[in-house]
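# how would this look folded up:
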Amino acid sequence: MNSPTPRFPTTQWTRLEQERETPEGREWFCEQYRPAILAYLRTKMEHHAAEDLCQEFFASVVLKQNLLRTADRHRGRLRSLLLTVLDRFLINHQRKHRAAKRGGGVSHQSLDEPGIHGDTLPVADMGTVAPDHAFDRAWAIGLMERALAATEADCRRLNKLRVFDLLRPLLDGSGPVRSHAELARDLGCTAREVTLFLSRLRQRVANHLYEEVAATVQGKDSVLEEWESVRRTLQAM
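Numbering: from 1, shown residues only. Below is the predicted model:
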């Protein structure tokens, strides 16, 4: 399996811009980014409350306020956009809750406001994982899952799906790690060939992961910075 030629990204920003007005595009966006949003919220509150607030975020901000229409790749990273909007949503939610207790009104921040000042939500005792780190971990895992899925699709087209299935635990730790000699017996090849297969698969995954990262930012410098950030996050897990 030769290393694939990098393709122009057709996901994330590009797909968002193409499909932001369609129900399918909005459904895709919610599905892709729900794990990262939920991971962030779970560091701030109990899990059942996080589930409810995650649902409210997508219903009221992403869909009702049409976040996808206002999103602009030239204004920064998609990851940063979501974190900024989520923080504003949490502040508004807390202010609304406090105002309801007092019987008063509440003012809301616009998604386009340049800054946030004032209250911050108290962090529940949910362990030592910082909210931003939890979000970044879930974000990186999502990117890696899509890179693995793309690699699996490559192998299916090349009639190498069995190779991918057997070597996947060495790529993502999804199962018991077996020796190259054991894998060679199952594949009917040599241990050296297993080593070569694994090297090529890792390169494919890396290429697809880079494409996924590049599709969420704008500009070469931003891509390299985001790429290093995602790599560090994955290596630390």
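# Report the buried residues of the longest helix along the chain.
As assigned by DSSP state H, the longest helix anywhere in the chain is helix 131-157. By neighbour count with 16 or more other CB atoms under 10 Å, helix 131-157 contains the buried residues 131, 134-144, 146-148, 150-152, 154-155. All C-beta spots, glycine's among them, are computed from the backbone N, C-alpha and C.
# and if you look at stretch 155-173?
Neighbour-count burial for stretch 155-173 flags 155, 160, 163-164, 166-168, 170-171 (criterion: 16+ other CB under 10 Å).
# Contact partners for the residue nearest the centre of the chain?
Nearest residue to the geometric centre of the chain (CA atoms, centre = their mean): W139, 2.8 Å. Contacts for W139 (CB atoms under 8 Å, 6 or more residues apart in numbering) come out as 36, 79, 230, 233.
# what would those look like in a markdown table with distance to L53, secondary structure and pLDDT?
As requested, these are exported to a markdown table (distance: CB to CB, whole Å; DSSP: H, G, I helix; E, B strand; the rest coil; pLDDT from 0 to 100):
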| residue | distance to L53 | secondary structure | pLDDT |
| --- | --- | --- | --- |
| A36 | 14 | helix | 89 |
| R79 | 19 | helix | 83 |
| V230 | 26 | helix | 92 |
| T233 | 24 | helix | 90 |
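# out of the residues you listed, which are buried?
By 16+ other CB under 10 Å, those give 36, 79, 230, 233 as buried.
# Need the residues you listed in a markdown table (columns: distance to R185).
Listed next are the buried ones among the contacts of W139 as a markdown table, based on distance: CB to CB, whole Å:
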| residue | distance to R185 |
| --- | --- |
| A36 | 40 |
| R79 | 43 |
| V230 | 35 |
| T233 | 36 |
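# any idea how this protein splits into domains?
Annotated domains of the chain cover 13-127, 134-235 [automatic domain parsing].
# Any idea which of the ones you listed has the lowest pLDDT on average?
Of all those, mean pLDDT reaches its minimum on domain 13-127 (a mean of 72).
# isn't T195 right up against L183?
No - contact criterion CB atoms under 8 Å: T195 and L183 do not qualify, at 9.7 Å.
# Please identify which of those two sits among more neighbours.
Legend: neighbour count by other CB atoms under 10 Å for T195 and L183, higher for L183 (22 against 13).
# helices or strands up against the strand or helix carrying that one?
Assigned by DSSP states H and E, L183 belongs to helix 180-187. Packed against helix 180-187, as judged by 3 or more CB pairs under 8 Å, 6 or more residues apart in numbering; DSSP states H and E, are the following elements: helix 161-172, helix 191-214.
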